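>>> need coordinates for the below:
(chains A and B)
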Number of protein chains: 2
Amino acid sequence: MKKIVLLGASGSIGLQTIDVCIHHKESFEIVGLSVGHNIEVLKDILTKVSVSYVCTAQHHKELIEEYPNINFFHGDEGLLQLVSLSYDVLVNALVGFVGLIPTLKAIELKKDIAIANKETLVVAGKFVNEAVKKHKVQLLPIDSEHSAIWQCLKGNDRKEISKLIITASGGSFRDKTREELKNVTVKEALNHPNWNMGAKITIDSATMMNKGFEVIEAHWLFDIPFEDIEVVMHPESIIHSMVQFKDYSVLAQLGLADMRLPIQYALTYPNRLEVYNSEALDLRKIGSLHFKEICFNRFPLLKLAYEVGKKQGTLPAVLNAANEEANALFLKGKIRFLDIEDLVMDACKDVWFKQDPNLEDILKADALAREYVRRKIEGLK
Amino acid sequence: MKKIVLLGASGSIGLQTIDVCIHHKESFEIVGLSVGHNIEVLKDILTKVSVSYVCTAQHHKELIEEYPNINFFHGDEGLLQLVSLSYDVLVNALVGFVGLIPTLKAIELKKDIAIANKETLVVAGKFVNEAVKKHKVQLLPIDSEHSAIWQCLKGNDRKEISKLIITASGGSFRDKTREELKNVTVKEALNHPNWNMGAKITIDSATMMNKGFEVIEAHWLFDIPFEDIEVVMHPESIIHSMVQFKDYSVLAQLGLADMRLPIQYALTYPNRLEVYNSEALDLRKIGSLHFKEICFNRFPLLKLAYEVGKKQGTLPAVLNAANEEANALFLKGKIRFLDIEDLVMDACKDVWFKQDPNLEDILKADALAREYVRRKIEGLK
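This is a model prediction of the structure:
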């Protein structure tokens, strides 16, 4: 029995993690979970799983009265209390930078980390890797691309890798020119062709910032130089990613779009279990798979991610923070789609940079980038 | 340094094995090799590699005079002398049933077997597996499909396999109807769209007998029931085969058509080395991959292979022997393309059958099936 603490339970990955745990009660027990402000979804979750500890963003007196058997925590301090419980694996399904500090704390406490929260690795991959090494814990990828690479690498020597090949669906606007992007709406951007995901990551897919983050994430997870990480457009999202070895043999992991597979694999690794009510891939039904080159001019944030990843320092924190702010502003209808790119690119040019940051510098760069975007928007008005 | 004995040096796999060994002199040394009747190719080989032992089908006095430093063997007895030398791995690149006895002898002598000679596993997989287990040697697949599956399985528990998916190019006549097959020529049959291989296997690809043999071979190599081995048409031959696990995750091995990769992998396993002068796969250049269902009515020998594989006994030996004879008759222009199917199907119906054969029974069934085909042809004349 693996005991699990789940951060970000009300999001897409969080809910699917709960689904996996419910259908493998013999293997997994969720001892604690966190949600943000979505109390309705929390109540629904609590009809399905019995947990002893819950953290919410804010204090809710009525929850304490309604669930007398649950211990409630709240806020950032509550997340740290939650990750300090007795359990085996932290599933970090938070969205954004907020996942960093609880992750580092859990690693210190020698918990294995199943990580869907790519922003944590983007801004502080070096710190996470150092902590993972020091405290001898496992970092278990949940992102479908990284799970694919991880599955392809199993049993293989990482020194024999010649290239990682990350596939990209291209997101909601893959068939639009830059000219056509000028007046796209939030609703159009949220309509991803292959995956049903949360709002933030769906917008990040449309800008390919998400794919850029995945490149940086892959760099830290698998210790591969950016020169050897390639992104290939693959509209069907059937091949989730690939590894090319030094003999030019390529291994690929394939499947239908179902995030419960990588979630479950991170929890069952090195073994596998049936995925409840899941559908097998049948390539005869799919018929064909397509691949094409990705144009960096069409997707400048992907290009930027490579540059930022190579330059490192505080720059990834700026990239991520500016993107989080711009993404949220677009979702609120306050800026246009192409403004996201401009804001993120400008922030990476203008915000304070330090080459060898400590963790405080990362937090500072994050705060400065957010402030930069907000000021710029106020200036635009 | 791995010492190698190579059976079938003058064939396609044999010559490519020599190429691999020449370009990794630091890793491999060929101590002995066999050819059949192709003395010209043997002489060419001997300009490139220095070997101490050579076996030819027949005795050639002039070879002994021309190469005083080489010890020559000949015939079936010579093959057994060759496999009894001191070395590490036997590369069996023979074509047909002739590979069986030397393989069993080498296993007894505790040599690892890199096997491209699928007929050996088709007719006597059970005996080979028992010998491999008893003498604790490794059976290393060279066929591209089986190498693909083997690469996908590395590091994974075979109990977690739900299905093997073998890809099929469809051979030279994949786009022809059965009606159109009636008058095809040998030259057309030898024109394989994706692979440049020997004549026998190219004809076997056109009839899909080859794919049927591969299904039986996969059964024995990976201990998977026939119900869980699927064949999918994939005209580009880029995905060489796949494994579906119980969580419906699929791993695939991909690459351009270059048999040196699986040959070399069998020799370097569990490690990898660069393949000399090889080309990396670029899916962006390939553009698209296609998959479709295979119709058993269009390819009756594939259907037959499943039936024969399930029934076992002496039947696989009959299937193989009748096919070897019919294939050779077609290549000599003595029968038409569709006669191959009829002869093989009739032999499987009519020739003597025994359910629990010993090795002598296998040899007897092989001889009876060959006689059956020859008599039938004489009767037809």
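
>>> what about the residue nearest to residue A:138 when sequence neighbours are not counted, distance to chain B?
Leaving out its chain neighbours, the residue that sits closest to residue A:138 by Cβ to Cβ, 6 or more residues apart in numbering or on different chains is residue A:112, at 4.4 Å. Glycine gets a C-beta too; all of them are placed from N, C-alpha and C. Separation of residue A:112 from chain B (Cβ to the nearest Cβ, to the nearest Å): 19 Å.

>>> got the contact list for residue A:112?
A:88-90, A:137-140 (Cβ atoms under 8 Å, 6 or more residues apart in numbering or on different chains).

>>> quickly list what it is bridged to.
Taking DSSP bridges as the rule, residue A:112 bridges to residue A:89.

>>> mind pulling up the pLDDT for it?
For residue A:112, the pLDDT comes out at 98.

>>> and residue A:85, by the same measure?
Residue A:85 is given a pLDDT of 98.

>>> give the contact list for it.
Residue A:85 neighbours (Cβ under 8 Å, 6+ apart): A:5, A:31-32, A:53.

>>> ok, longest helix in chain A?
Counting by DSSP state H, the longest helix found in chain A is helix A:359-380.

>>> rewinding a little: out of the contacts of residue A:112, what pair is the most spread apart?
Greatest spatial distance in the contacts of residue A:112: A:88 and A:139, 14.1 Å, computed using Cβ to Cβ.

>>> more crowded one of the two?
residue A:139 (21 against 16; other Cβ atoms under 10 Å in any protein chain shown).

>>> dump stretch A:29-38 to PDB, keeping only the CA atoms.
Taking C-alpha atoms only, stretch A:29-38 is exported to PDB below (Å, rounded to 0.1, in the frame of the first residue of the first chain):
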ATOM      1  CA  GLU A  29      -4.300   5.400  -0.200                       C
ATOM      2  CA  ILE A  30      -4.700   9.200  -0.300                       C
ATOM      3  CA  VAL A  31      -3.900  10.400   3.200                       C
ATOM      4  CA  GLY A  32      -4.100  14.100   2.500                       C
ATOM      5  CA  LEU A  33      -4.900  16.500  -0.400                       C
ATOM      6  CA  SER A  34      -5.000  20.200  -1.200                       C
ATOM      7  CA  VAL A  35      -7.400  22.300  -3.300                       C
ATOM      8  CA  GLY A  36      -7.300  26.000  -3.900                       C
ATOM      9  CA  HIS A  37     -10.600  27.900  -3.800                       C
ATOM     10  CA  ASN A  38     -12.800  25.300  -5.400                       C
END
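
>>> remind me which residues of chain A are low pLDDT?
Applying pLDDT under 70 to chain A flags residues A:380-381.

>>> run the last query once more with 80
Counting by pLDDT under 80, the ranges of chain A that qualify are A:195-196, A:380-381.

>>> quick one, domains of it?
If you go by automatic domain parsing, the domain ranges for chain A are A:2-141, A:143-257+A:279-306, A:313-381.

>>> for those, give me CSV that also has distance to residue B:378.
Formatted as CSV, the domains of chain A follow (distance: least, Cβ to Cβ, whole Å):
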stretch, distance to residue B:378
domain A:2-141, 65
domain A:143-257+A:279-306, 43
domain A:313-381, 78
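
>>> of those, give the one that comes closest to residue B:153.
domain A:143-257+A:279-306 (8.3 Å).
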